[in-house]
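J.: structure of the sequence below:
(chains A and B)
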Amino acid sequence: GNSVTQMEGPVTLSEEAFLTINCTYTATGYPSLFWYVQYPGEGLQLLLKATKADDKGSNKGFEATYRKETTSFHLEKGSVQVSDSAVYFCALLNTGFQKLVFGTGTRLLVSP
Amino acid sequence: NAGVTQTPKFRVLKTGQSMTLLCAQDMNHEYMYWYRQDPGMGLRLIHYSVGEGTTAKGEVPDGYNVSRLKKQNFLLGLESAAPSQTSVYFCASSATGAGGNEQFFGPGTRLTVL
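T.: Model (predicted):
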């Protein structure tokens, strides 16, 4: 079946540090891949997406590249800010299905 | 344009009580979803709908019922609440189910069942 595996958190960084949150997936076919972000007390918001292999999604300084050969979609940011503190979810949507499959989420804590 | 709204924001129930959670979207989306979020488990799909008058089971449908009588509304019902249904519930909508389509989420309903 389809599944998404994310690194467990929390990830604790100082402001301006480099961020990587690992995400790998298992799926049949060619899924679309997403990163969603959840700020405290709020619902999820789409951060970025990629719909085919080698696509790079980017938004607000975050990037992730769809790597079919390693079935990965790692989230990166060159310099994190305190305002990036949130929970980040990796997700996939497989062709022919209407249902997102989420990872368990990774909490990021950024200190000044 | 309010996006996706959920009512209520918080609720405390006793075991065996019933309640309905309301989700409304003003984006004319065809697809709507109900998820529950539990610590360490991410979001799990309860039920979903691909259009007005249709519903389908998701990953964890037991103990819940849904209805989509109007395109803009998607109701989630708990007929006899149990402590295991203590969770945060999120509604979402999307234009279609096609790959790459963004799901828009509501702010959530925090439910506690005593």
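J.: how about the one helix or strand B:Y35 maps to: buried residues?
T.: Using DSSP states H and E, the element containing B:Y35 is strand B:31-38. Judged by neighbour count (16 or more other C-beta atoms under 10 Å in any protein chain shown), strand B:31-38 contains these buried residues: B:31-37. All C-beta atoms are positioned from the backbone trio N, CA, C, and that covers glycine.
J.: and the helix or strand of chain A with the lowest mean pLDDT, what does it pack against?
T.: Ranked by mean pLDDT, DSSP states H and E, the helix or strand of chain A with the weakest confidence is strand A:100-102, at a mean of 88. Taking 3 or more C-beta pairs under 8 Å, 6 or more residues apart in numbering or on different chains; DSSP states H and E as the contact definition, the neighbouring helices and strands of strand A:100-102 are strand A:3-6, strand A:86-93, strand B:42-49.
J.: mind giving me the packing neighbours of the next helix or strand after the last one?
T.: The first helix or strand that comes after strand B:42-49 along the chain, using DSSP H and E, is strand B:56-57. In terms of contact count using 3+ C-beta pairs under 8 Å, 6+ apart, strand B:56-57 is assigned the packing partners strand B:42-49.
J.: list the beta-bridge partners for B:T7.
T.: Note on B:T7: beta-bridge partners by DSSP bridges are B:L22.
J.: so who does it touch?
T.: B:21-22, B:24, B:109 (C-beta atoms under 8 Å, 6 or more residues apart in numbering or on different chains).
J.: out of those, which is nearest to chain A?
T.: Within the set of the contacts of B:T7, B:T109 lies nearest chain A; the separation is 10.3 Å, counting by C-beta to the nearest C-beta.
J.: what count of nearby residues applies to the nearest residue to that closest one once chain neighbours are set aside?
T.: Once its chain neighbours are removed from consideration, B:T109 has its nearest residue in B:Y89; the separation is 4.6 Å (C-beta to C-beta, 6 or more residues apart in numbering or on different chains). Using other C-beta atoms under 10 Å in any protein chain shown, B:Y89 has 23 other residues around it.
J.: buried sites along whichever helix or strand B:Y89 is part of?
T.: When elements are defined using DSSP H and E, B:Y89 is found to belong to strand B:87-94. When burial is assessed from 16+ other C-beta under 10 Å, strand B:87-94 yields the following buried residues: B:87, B:89-94.
J.: and the strand holding B:Y35, how far out from the chain middle?
T.: Mean C-alpha position of strand B:31-38 versus that of the full chain (C-alpha atoms, centre = their mean, to the nearest Å) differs by 5 Å.
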